[in-house]
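[1] can't give you the sequence, but here's the structure:
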C-alpha cells in the first residue's frame, strides 16, 4: 500500500491521511488505534476534550513502532485558557510521551482569537513539549489577529472540510499565510450518493468514501476520517492508492458551489 503523502510543517512533516479519534472511547478506542497503526496509519488525532488520550497512549504501547514514526496531535480545550502548560503536561502524561507533534487550540476561547493563549502555545513549542502548533475552528480574521500579535502564523488550521464545504478562496487564504488546512468530518458532511462521487467510484473500482478522501489529498488538504471498524480503517487507508483525474476533481469541487 502507498505510504501517506506528507506536508511540511515548521516542526516536521504531517502525513496527509490520519485517524481521527473523536467519540472513540475505552477498549474500543485502544483496539481501533492499535489496529490502525498495525495497518500502516502513522498519524493520530486526539484532544483533551475527547477524553481518550489515555487510550491512544495505551494503543501506542501495544505496537512495535518507534514513537517518532507516529505523528501525534492533541488539542487544548478553550476553557483551559490560562492553564495551558498544565494541560499539555497532563496530555503528555496520558499519552505516555515527552512531546506531541502538533498541539492545537481546539476552538477560539470565548469566540475570540486569544493571542495570549497562542503565546502560551509558542512557549510550549519552544520548550520542546510540542514540535508544531496550530489552531482549530479559527476564521481567517482570527488567524490574522494571532499573526499581528505575535508575528507567527499557526502551522495548521483544523476545520470541517468536505466537498460540500469546498471553498478555493478559503484554501488560498490559508496557503498565502503558510498554513496547512486539515479537514475533519470529511465523510459525515458528504452526500456519498452524489453523482460526481459515485461516478468516479465506479470508474476506479473504489468506494465513495475512498473517492472523497482522495479528493481531499488532491487539494493538499490533510484529512482525518474517524472510525473504530477495522474494515473501514482498511478502506480509508486504501484511498492513498487512488488518483482522481482533474475532471473528476473538478466535478466533485462543484458540489460545494
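    Yep, it's here. Computed from a predicted model, the values in this text were never measured in an experiment.
[2] Please count neighbours and contacts with C-alpha atoms only from this point.
    Fine.
[3] what's the longest helix in the chain?
    helix 26-39 (DSSP state H).
[4] Beyond it, next helix or strand please.
    Going down the chain from helix 26-39, the next helix or strand is strand 43-45, by DSSP states H and E.
[5] strands paired with that next one, and their directions?
    Here the strand partners of strand 43-45, with direction, are listed using DSSP bridges: strand 19-20 (parallel), strand 71-76 (parallel).
[6] any chance of those strands in JSON lines, plus distance to residue 229, mean neighbour count and mean pLDDT?
    Formatted as JSON lines, those follow (distance: least, C-alpha to C-alpha, whole Å; neighbours: other C-alpha atoms under 10 Å; pLDDT from 0 to 100):
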{"stretch": "strand 19-20", "distance to residue 229": "12", "mean neighbour count": "24", "mean pLDDT": "98"}
{"stretch": "strand 71-76", "distance to residue 229": "20", "mean neighbour count": "23", "mean pLDDT": "98"}
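[7] May I have the phi/psi pair for residue 205?
    phi 50, psi 50 (degrees, to the nearest 10).
[8] and it, how many neighbours?
    For residue 205, the neighbour count with other C-alpha atoms under 10 Å is 12.
[9] re earlier: how about TSV for the strands paired with strand 43-45, with distance to residue 202 added?
    Compiled in TSV, the strands paired with strand 43-45 are given as follows (distance: least, C-alpha to C-alpha, whole Å):
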stretch	distance to residue 202
strand 19-20	25
strand 71-76	33
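[10] Touching the longest helix of the chain from outside, list them.
    19, 21, 44, 52, 55-56, 58-60, 62-63, 227-230, 233-234 (C-alpha atoms under 8 Å, 6 or more residues apart in numbering).
[11] Return the set of buried residues in it.
    By neighbour count on 16 or more other C-alpha atoms under 10 Å, the buried set for helix 26-39 is 29, 30, 31, 32, 33, 34, 35, 36, 37.
[12] Also stretch 176-184?
    Applying a neighbour-count criterion of 16+ other C-alpha under 10 Å, one finds 177, 179, 180, 181, 182, 183, 184 buried in stretch 176-184.
[13] repeat for stretch 79-89
    Of the residues in stretch 79-89, 81, 84, 85, 87, 88, 89 count as buried by neighbour count, 16+ other C-alpha under 10 Å.
[14] Could you say which helix or strand holds the fifth one?
    So the one you mean is residue 88. The secondary structure element spanning residue 88 is helix 84-95 (assigned by DSSP H and E).
[15] Quick check: which helices or strands does that helix pack against?
    Of the remaining helices and strands, those touching helix 84-95 by 3 or more C-alpha pairs under 8 Å, 6 or more residues apart in numbering; DSSP states H and E are helix 53-61, strand 71-76, helix 115-126.
[16] okay, the buried residues of stretch 79-89 in a markdown table with pLDDT and distance to residue 203 next?
    Putting these into a markdown table (pLDDT from 0 to 100; distance: C-alpha to C-alpha, whole Å) gives the following:
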| residue | pLDDT | distance to residue 203 |
| --- | --- | --- |
| 81 | 97 | 49 |
| 84 | 98 | 49 |
| 85 | 97 | 50 |
| 87 | 98 | 48 |
| 88 | 98 | 46 |
| 89 | 98 | 49 |
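[17] Quickly check the residues you listed for the two that are furthest apart.
    Farthest-apart pair in the buried residues of stretch 79-89 is 81 and 89; separation 14.3 Å (C-alpha to C-alpha).
[18] follow-up on the earlier one: out of the buried residues of stretch 79-89, which one sits closest to residue 221?
    Of all the buried residues of stretch 79-89, residue 221 sits closest to residue 88, with 26.0 Å by C-alpha to C-alpha.
[19] in the protein, which spans are helices?
    Defined through DSSP H, the helices belonging to the chain, from first to last, are 26-39, 53-61, 84-95, 115-126, 140-150, 168-176, 195-204, 208-218, 230-237, 246-253.
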